[in-house]
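**Student:** I would like to see how this sequence folds:
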Amino acid sequence: IKITLNTCLFLWQLLCLIGEGFGSFSRDICGSVINIRAKGDKIAIWTSNAENCETVTYIGLKYKESLGLPQKLVIGYQAHADTATKSNSITKNKFVV
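**Tutor:** Numbers count the residues shown, from 1 in each chain. All right, here's what the predicted structure looks like:
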């Protein structure tokens, strides 16, 4: 079995979801996915409410902290409704962490 960085990230996400690794905000998470693509991989954590800034920000900060990502690295949050109706490959971030 070949273990890649993406495999490790997905396993970490899965464990956080199962173990409620986002504290009281874990109840707002309803899924996750990692898409391996030629132009760039996409990692997503799905939340039940795209308008809840506090939840999205906490989950994003916890995600960055847990992975040891630099604070300067920008993680964008996009609402499903915005990405589902997009007409091109670029969707504006609703929030950034």
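**Student:** Okay, helices next: where are they in the protein?
**Tutor:** Remark: helices assigned in the chain by DSSP state H are 5-18, 53-67, 80-84.
**Student:** Kindly reformat these as CSV and extend each row with distance to Asp28.
**Tutor:** For every residue, glycine as well, the C-beta is placed using N, CA and C. Compiled in CSV, those are given as follows (distance: least, C-beta to C-beta, whole Å):
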stretch, distance to Asp28
helix 5-18, 11
helix 53-67, 5
helix 80-84, 14
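**Student:** among those helices, which is the most enclosed?
**Tutor:** Highest mean neighbour count of those: helix 53-67, a mean of 16 (counted as mean count of other C-beta atoms under 10 Å).
**Student:** Quick one, grab the pLDDT at the closest residue in space to Asn93 that isn't next to it in sequence.
**Tutor:** Distances taken as C-beta to C-beta, 6 or more residues apart in numbering place Gly76 nearest to Asn93, at 3.5 Å, with adjacent residues excluded. With respect to pLDDT, Gly76 scores 87.
**Student:** Could you pull up the residues touching Gly76?
**Tutor:** Contacts of Gly76 were listed using C-beta atoms under 8 Å, 6 or more residues apart in numbering, and they are 93, 95-96.
**Student:** And the residues you listed, which of them are buried?
**Tutor:** Buried subset of the contacts of Gly76 (neighbour count, 16 or more other C-beta atoms under 10 Å): Phe95.
**Student:** beta partners of the residue nearest to Asn93?
**Tutor:** Counting by DSSP bridges, Gly76 is bridged to Val96.
**Student:** Cool, thanks, talk later.
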